[in-house]
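Engineer: here are the coordinates; sequence isn't available:
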């Protein structure tokens, strides 16, 4: 028996650093280990001793691509600890800011990270040579998402205007009017993006895993909610630790999570499959035209689901702007207390859970964060096992490229866990 | 004439500063026509071999492997520019420098023995010579474009090293400290953000790190007058530029 060990490639176009090790024996993939070797940054330890006002700013720095998700889940958890829930225009503004992040982050992933896989380019910039219009449209759409983030949050990366209880300042109705015009243009662009990506060539593959997403009554989940699973279980954020358990694996600095003992998926496919009936009318129509049914379990088609979610985020932003009345004050009064609070929200990559315990002085005594990537890691490894197994006739470099595609379907934000993917194939 | 080559490298960080390059939506394709992006793993699968004319480095040094890797990057780079608070002052993860990393690891990971990590998070300049440091958590897009343009033109970037206060005045903003008694690090923080926080009725929290020669001693009584106790003062100086010496000195005196 000859063992062949090869370091083949670096995984590009994901956030963070990872490596993949495949062991192939007797024509079958025995194991696929995604090694996230992003240096550990110890956020949960660093948060201890900080004031209740600080986690939104600090945890934003876990990920530059989805800082609003971190800020929102942190606010939700800390507000829950203090017995406060935002409503009215402050809650609408928080959701509006989050729409900006969905538009920007999904559009970045679609155009600069994911579409090049389908069209045979190493990156979005090279892709512009043959698909200039599509790339320019994507950049324009991303710019609108960033403009919305800047308008409400002050800055696209690590917004400064978010605080527990609301905001530091709130816009007047008139401030939002120019954004409304931009979003109307973005709605057309977003629909075109759905049509564009729906025409790509998708390998057949369906995942059978349990699915998990946030759930909001009557609307597609973005900024808050309970937790819903495909097994029909629904529970409040406070029960998340009773259902989702993380364990450490030797080959990665990201933890592996399981849902009631099972491997599960969170993110666009889970969100869409559990909530597609709640999409806005334009997004529902775009999904139907793209050939998506009420569920989508093919990870390769996640790019279509993301594009549909961009349409939804744009029309949701328009709805929120149309209904906006400037609140009387930018934030609600909060008195910290000794308590534990739990909060979830839907990061573009999937459900993001935060938990904080405060002491009587309002200082954090314990913090826990479960990012989407650690929840999805076991599913990504399972995908790799199954899918690489169907392509073992490929040469190592082509196999590596295919594995990278499989990983990029899930848009893992490895910085979350804590960009290179070195692929090692051992063939026996 | 061949285009100058640009490489982007990541160490311990959140990817936000590299993302700022991709956030130059209007300039990205134009820039790609002026330089050859030779290595940028966040954005491209294609990596060309060095040497590279300009390297942008994001993130701090927190592992033995990264201590070695930054020397390789330096050896391959003509001009090396650090981008952001992690690369210029160790970032938020430099809070470990003031704590017990073994205890941190044990509190976050069930099996800390699987980790390979250093006791410190250090800026790039602690390991290799750096040609220019771009501040911010995250960096500012306009400052990034000025810096890239300058090095591609063979000149020094024209960036202010004054305080956020000067930007705030130029924006015509009312001082949040004088008018509202809001604590603000603007007087001692490096310019570059365009006074974003005061523009949102918030005090500056120092994400661009200390300006050149900050007079922190003069600011402390004002922060106290605005209602900050010693713990809060210690914490605000110990955030995204915790290991920058001028800020570390203030927070170190106030550690419990």
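Structural biologist: Here it is on my side, so go on. Small disclaimer: the values here were computed from a predicted structure and weren't measured. Numbers count the residues shown, from 1 in each chain, chains lettered A, B, ... in the order given.
Engineer: for the closest residue to chain A within chain B, which non-adjacent residue is closest in space?
Structural biologist: Using Cβ to the nearest Cβ, the closest approach of chain B to chain A is made by residue B:16 at 2.2 Å. Where you see a C-beta, it was placed from the backbone N, CA and C, and this is true even at glycine. Spatially, and ignoring its direct neighbours in sequence, residue B:16 is nearest to residue A:64 (2.2 Å; Cβ to Cβ, 6 or more residues apart in numbering or on different chains).
Engineer: list the contacts for the one you found?
Structural biologist: Contacts for residue A:64 (Cβ atoms under 8 Å, 6 or more residues apart in numbering or on different chains) come out as A:15, A:157-158, A:415, B:13-19, B:138.
Engineer: the helices in the stretch 101-250 of chain A, which residues?
Structural biologist: For the stretch 101-250 of chain A, helices defined by DSSP state H, counting those that start in this stretch occupy the ranges A:115-119, A:124-127, A:132-153, A:173-198, A:240-243.
Engineer: closest to residue B:179 out of these?
Structural biologist: Evaluated over these, closeness to residue B:179 peaks at helix A:173-198, with 20.9 Å, by Cβ to Cβ.
Engineer: pLDDT of the closest one, averaged?
Structural biologist: Helix A:173-198 shows a mean pLDDT of 97 in the predicted model.
Engineer: so where's the stretch 151-300 of chain A shaky on pLDDT?
Structural biologist: Residue ranges of the stretch 151-300 of chain A with pLDDT under 70: A:250-254.
Engineer: residues from it in reach of chain B?
Structural biologist: A:154-158, A:160-161, A:167-169, A:247-248, A:250, A:253, A:255 (Cβ under 8 Å from any Cβ of the partner chain).
Engineer: among these, name the ones in strands.
Structural biologist: If you go by DSSP state E, those have A:167, A:247 in strands.
Engineer: buried ones from the residues of the stretch 151-300 of chain A next to chain B, can you make that a ChimeraX selection?
Structural biologist: Listed next is the ChimeraX selection for buried residues among those, using 16 or more other Cβ atoms under 10 Å in any protein chain shown:
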select /A:154,155,156,157,158,160,161,167,168,248,253,255
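Engineer: contacting residues for the residue of chain B closest to chain A?
Structural biologist: A:61, A:63-65, A:67, A:157-158, B:84, B:137-138.
Engineer: out of these, which are inside helices?
Structural biologist: Assigned to helices by DSSP state H, the following of those qualify: residue A:67.
Engineer: and residue A:310, what element?
Structural biologist: Residue A:310 belongs to helix A:302-322 when elements are defined using DSSP states H and E.
Engineer: for that helix, packing partners?
Structural biologist: helix A:88-108, helix A:132-153, helix A:173-198, helix A:268-275, helix A:281-289 (3 or more Cβ pairs under 8 Å, 6 or more residues apart in numbering or on different chains; DSSP states H and E).
Engineer: and it with helix A:132-153, angle?
Structural biologist: Angle of helix A:302-322 versus helix A:132-153, following axes from the mean of the first three to the mean of the last three Cα atoms, to 10 degrees, is 40 degrees.
Engineer: out of the residues of the stretch 151-300 of chain A next to chain B, the closest to residue B:62 would be?
Structural biologist: Nearest to residue B:62 out of those is residue A:253 (Cβ to Cβ; 11.3 Å).
Engineer: ok, back up a step: and the pLDDT for the residue of chain B closest to chain A?
Structural biologist: You'll see residue B:16 listed with a pLDDT of 94.
Engineer: measure it to residue A:115 for me?
Structural biologist: 22 Å (Cβ to Cβ, to the nearest Å).
Engineer: show me the contacts for residue A:156.
Structural biologist: Contacts for residue A:156 (Cβ under 8 Å, 6+ apart) come out as A:100, A:104, A:145-146, A:149-150, B:23.
Engineer: can you tell me which residues contact residue B:174?
Structural biologist: Applying Cβ under 8 Å, 6+ apart, no residues qualify as near residue B:174.
Engineer: picking that back up, export the helices and strands packed on helix A:302-322 to JSON lines and tack on distance to residue B:177?
Structural biologist: As requested, the helices and strands packed on helix A:302-322 are arranged in JSON lines below (distance: least, Cβ to Cβ, whole Å):
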{"stretch": "helix A:88-108", "distance to residue B:177": "26"}
{"stretch": "helix A:132-153", "distance to residue B:177": "22"}
{"stretch": "helix A:173-198", "distance to residue B:177": "25"}
{"stretch": "helix A:268-275", "distance to residue B:177": "44"}
{"stretch": "helix A:281-289", "distance to residue B:177": "45"}
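Engineer: okay, the ones you listed in JSON lines with mean neighbour count next?
Structural biologist: Shown next, in JSON lines, are the helices and strands packed on helix A:302-322 (neighbours: other Cβ atoms under 10 Å in any protein chain shown):
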{"stretch": "helix A:88-108", "mean neighbour count": "25"}
{"stretch": "helix A:132-153", "mean neighbour count": "22"}
{"stretch": "helix A:173-198", "mean neighbour count": "18"}
{"stretch": "helix A:268-275", "mean neighbour count": "25"}
{"stretch": "helix A:281-289", "mean neighbour count": "19"}
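Engineer: sorry, back to before: so which two of the contacts of residue A:156 are the farthest from each other?
Structural biologist: Spatial extent of the contacts of residue A:156 (Cβ to Cβ) is set by the pair A:100 and B:23 at 12.5 Å.
Engineer: report the set of residues contacting both of those two.
Structural biologist: With contacts defined as Cβ under 8 Å, 6+ apart, the residues adjacent to both residue A:100 and residue B:23 are A:146, A:156.
Engineer: that older thread, ok, which of the helices of the stretch 101-250 of chain A comes nearest residue A:292?
Structural biologist: helix A:173-198 (8.3 Å).
Engineer: give me the beta-bridge partners of residue A:245?
Structural biologist: Here residue A:245 shows beta-bridge partners residue A:258, assigned using DSSP bridges.
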